[in-house]
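1. Got a predicted model here, sequence first, then my questions.
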Amino acid sequence: MRSIHADLLAAQVDASREPHVAVIVHNDIGVVRRLDFAQLDATANANAKHDVALSSNGTLHRVRMSAGAVKYQRVTDPSAVGAFAAAWIDLATGMGSNVAAAAWGANVIVIYSDAGGANIRFRESTDSGATFSADAALFASAFAIADLAVAYTNTSGDLAVAWCTAGTANTYLNIRTAGVFAGILTWPHTAATLNGIALVRGLFWEIVLTGEETTTAKPTVWSLHYNPTTPAWSALWVQVQGEAGITAFGAPSLTFSDTWRVNYVEAQLFTGGATRTYRTWVHPLAGFDAGAYTWRTPVPTSYAGSNGLAHCHDGDLNQSWVYQSGVDLVQRASTAAVTLDVTAAVLSLEVDEEPRAMTGILELDNAGGAYAGPPAPLTLGARVSVAFGYDTASGLRTSPLPDMWVAGWEHRRSGGLSVLRVQLESAWDLLRRSTQRTALSHTADTYSTIIDRILARAGLDFAVTSGSTRLSTVTPAFAVDPATTGYQALLQAYAFLEDRARFVADATLENLTLSASQGTTYAYGLDHPLRALELRAVPAPVSEAHAFGAAAFGDDLDFTQLAQGIGEIVRQRDLTSATGAAADATAAAPRRSRQLDAGHGRLIAQPNVGLQLYDVVSFADTLISAATERRRATGIRWRYHNRRAIYQQEVRLGPR
């Protein structure tokens, strides 16, 4: 049960308390701010390497290469009319083809390769780009540079420079503290080729790389970091991968605003193939490179430039804008939360929570035309926060349900009424639409890790409140092909586990192991009377389960049901079960999980606003049983109708 305020707990058992629902719409994709980019400039320039940086005072810095010249544009007020008519000046001439820029506070640095391609030079500013130091050598690379990156770590000018080489496929990092570089560090990993690098200082020095994987030659986007405190490099994590000879990746760009965001270019090499910038991001509760395939499945954009879109946010997060820039385009989007509180207009709200689904219908009063359109951010895919509650002794208080999203809407006009009817969907539906662009294989990951990755690619998070031994110890051979949705993959994983899961706040799937001896979570009775009760006795769905492992066999049997000739048989093939005990556990898992599918009736009461799926509720009725009955909530229907004076909760019951 969700933790709720003591006044709310008291109000929900008081029939005289006024009900209250709260509904707020957010301009989010999943739980990440939707970046609605607006164009600021589209002046054409020759295609070449480029970068963009943002000062804390809002000054935008653009750099690009042009026939060996390092071109620089300083825009002090990007929102001003004609701001991008500002002249491009030459910071240096006779240089190579690579350039990168960074800013933090009033510091701005531009680094670039020289004509030979293996030496790095720079110019730096301490007044937000108004003036720069003279062109000077920074340090030499042992091999020809494929791409450059630079990032500050504070307003004092501490920074790091990173670069990758193509022929030797190495990544290098040099960190400057108090004006002194510590020395060139070489990563411990390997790749067939590297062609792109991006760098930002977050918790560590976070890096994105593009190139081709060793042995397979598959085009790949990787993440990794360097921890200067340990000091140590992280593992090299594959985040996006394509097929050799068919696609190529490059021009990565990394920034942090409300979460980690990555742009990169995908070029399709076959006839008729397109070149596009793709964007992806990380769930705000997840780490930047917490493992392979932990970024959301990338989304294509309409930008076709082969050097992609660099994007930036100022280092100390003073600005509420993310900028993205190509050689011929500048756009920006606000990172500020955009919300619409529709609580006052709610006519009715019905939400159905099921073990693997959650849907809702929201009706808004449109008598004054406020929801004609409807207004932003009430758009398809927008996140909707729904909360049920009461007017308590300390004011209006609510308890939020899991996040939902706008699946569709319709305007209805009848009998002089104008209503906007909004269909709501849940994170289960986000999983149903999450399909992979390439096949993914898990060969040494536990079920817990596999589930975490499935969710991450849909922009969702995973939390284990309690978990079975199999969840955290068994490492199955598990594959997800491009035709398999995240929802299907998740069900495949859970088919071998006794665990159950429910979505909670922040688009997070919470894993649970449910004990048949679990005590009461919430008691109905004199304090919280029932309006209606139906209690059924039905057999468990499965009475006999068998597992065929690797030279091992296991079973799990309900002898009471078998003696009565009821229930069904379930058989599974599971090569992770190498012993009889392991096979027994494999067999027991689905039988225990399927027990919860048995419908034991329902109860109807004034809403307990903290109730969650799989909570254990109890009630007493001597006409039904002399003992207190305990059942698990296997479904919850929430109903609020303002004009019909309905405020109730129907709880579908299953075995404990």
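-> Perfect, I can see it now.
2. now the most centrally placed residue in the chain, nearest residue through space, not along the chain?
-> With distances taken as C-alpha atoms, centre = their mean, the residue of the chain nearest its centroid is G459 (2.6 Å). Of all residues not flanking G459 in the chain, G30 sits nearest, at 3.6 Å (C-beta to C-beta, 6 or more residues apart in numbering). Glycine gets a C-beta too; all of them are placed from N, C-alpha and C.
3. what number of residues lie near that neighbour?
-> Applying other C-beta atoms under 10 Å, we find 22 residues neighbouring G30.
4. How about the contacts made by the residue nearest to the centre of the chain?
-> Counting by C-beta atoms under 8 Å, 6 or more residues apart in numbering, G459 makes contact with 29-32, 281, 283, 296, 430, 434, 507.
5. Now that the residue nearest to G459 has come up, it's in contact with L430, right?
-> Yes: if you go by C-beta atoms under 8 Å, G30 and L430 touch, sitting 6.5 Å apart.
6. can you tell me which residues contact the residue nearest to V99 when sequence neighbours are not counted?
-> By the measure of C-beta to C-beta, 6+ apart, the closest residue to V99 outside its immediate chain neighbours is Y112, 4.5 Å from it. Counting by C-beta under 8 Å, 6+ apart, Y112 touches 63, 65, 70, 91-92, 95-96, 98-100, 120-122, 148.
7. How about G272?
-> Going by C-beta under 8 Å, 6+ apart, G272 touches no other residue.
8. do you know how far it is from A505?
-> 45 Å (C-beta to C-beta, to the nearest Å).
9. Repeat that for W295.
-> 22 Å.
10. Mind checking which of the two has more residues around it?
-> Remark: of W295 and A505, W295 carries more neighbours, 26 against 13, as counted by other C-beta under 10 Å.
11. So the more buried one sits against Y278, correct?
-> No: counting by C-beta under 8 Å, W295 does not reach Y278; the two are 10.7 Å apart.
12. Now do the shared contacts for these two.
-> Shared contacts of W295 and Y278, counting by C-beta under 8 Å, 6+ apart, come down to V240.
13. Okay, now the sheet partners of the strand or helix carrying D90, with direction.
-> With secondary structure defined by DSSP states H and E, D90 is part of strand 89-92. Note on strand 89-92: by DSSP bridges, its sheet partners are strand 69-75 (antiparallel).
14. Tell me how far the strand it pairs with lies from the chain's centre.
-> Taking C-alpha atoms, centre = their mean, to the nearest Å, one finds the center of strand 69-75 at 35 Å from the center of the full chain.
15. how far out from the middle of the chain is whichever helix or strand comes after the strand holding D90?
-> Using DSSP H and E, the helix or strand that directly follows strand 89-92 along the chain is strand 95-104. Between the centre of strand 95-104 and the centre of its chain there are 31 Å (C-alpha atoms, centre = their mean).
16. which other helices and strands contact strand 95-104?
-> Contact here means 3 or more C-beta pairs under 8 Å, 6 or more residues apart in numbering; DSSP states H and E; on that basis strand 95-104 packs against strand 50-54, strand 60-66, strand 69-75, strand 107-114, strand 145-152.
17. name the helices or strands packed onto the second one?
-> The one in question is strand 60-66. Strand 60-66 packs on strand 50-54, strand 69-75, strand 95-104, strand 107-114, strand 321-326, going by 3+ C-beta pairs under 8 Å, 6+ apart.
18. Kindly present these as CSV, with separate columns for distance to E629 and mean pLDDT.
-> What follows is those, written out as CSV (distance: least, C-beta to C-beta, whole Å; pLDDT from 0 to 100):
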stretch, distance to E629, mean pLDDT
strand 50-54, 62, 98
strand 69-75, 70, 98
strand 95-104, 63, 98
strand 107-114, 68, 98
strand 321-326, 55, 97
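19. Which among those is found nearest to G211?
-> For the helices and strands packed on strand 60-66, the distance to G211 is smallest for strand 95-104, at 15.1 Å, taking C-beta to C-beta.
20. what is the mean pLDDT for the helix of greatest length in the chain?
-> In the chain, assigned by DSSP state H, the helix with the most residues is helix 580-595. Helix 580-595 shows a mean pLDDT of 83.
21. pull the CA atoms of it into PDB?
-> Provided in PDB are the C-alpha atoms of helix 580-595 (Å, rounded to 0.1, in the frame of the first residue of the first chain):
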ATOM      1  CA  GLY A 580      16.800 -31.600 -10.000                       C
ATOM      2  CA  ALA A 581      16.500 -28.900  -7.400                       C
ATOM      3  CA  ALA A 582      16.800 -26.200 -10.000                       C
ATOM      4  CA  ALA A 583      14.300 -27.900 -12.300                       C
ATOM      5  CA  ASP A 584      11.900 -28.200  -9.300                       C
ATOM      6  CA  ALA A 585      12.200 -24.400  -8.800                       C
ATOM      7  CA  THR A 586      11.700 -23.800 -12.400                       C
ATOM      8  CA  ALA A 587       8.500 -25.800 -12.300                       C
ATOM      9  CA  ALA A 588       7.200 -24.100  -9.200                       C
ATOM     10  CA  ALA A 589       7.700 -20.600 -10.500                       C
ATOM     11  CA  PRO A 590       4.900 -20.600 -13.100                       C
ATOM     12  CA  ARG A 591       2.500 -22.600 -10.900                       C
ATOM     13  CA  ARG A 592       2.800 -20.100  -8.100                       C
ATOM     14  CA  SER A 593       2.600 -17.100 -10.400                       C
ATOM     15  CA  ARG A 594      -0.500 -18.500 -12.200                       C
ATOM     16  CA  GLN A 595      -2.300 -19.000  -8.900                       C
END
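22. That concludes my questions; thank you for your assistance.
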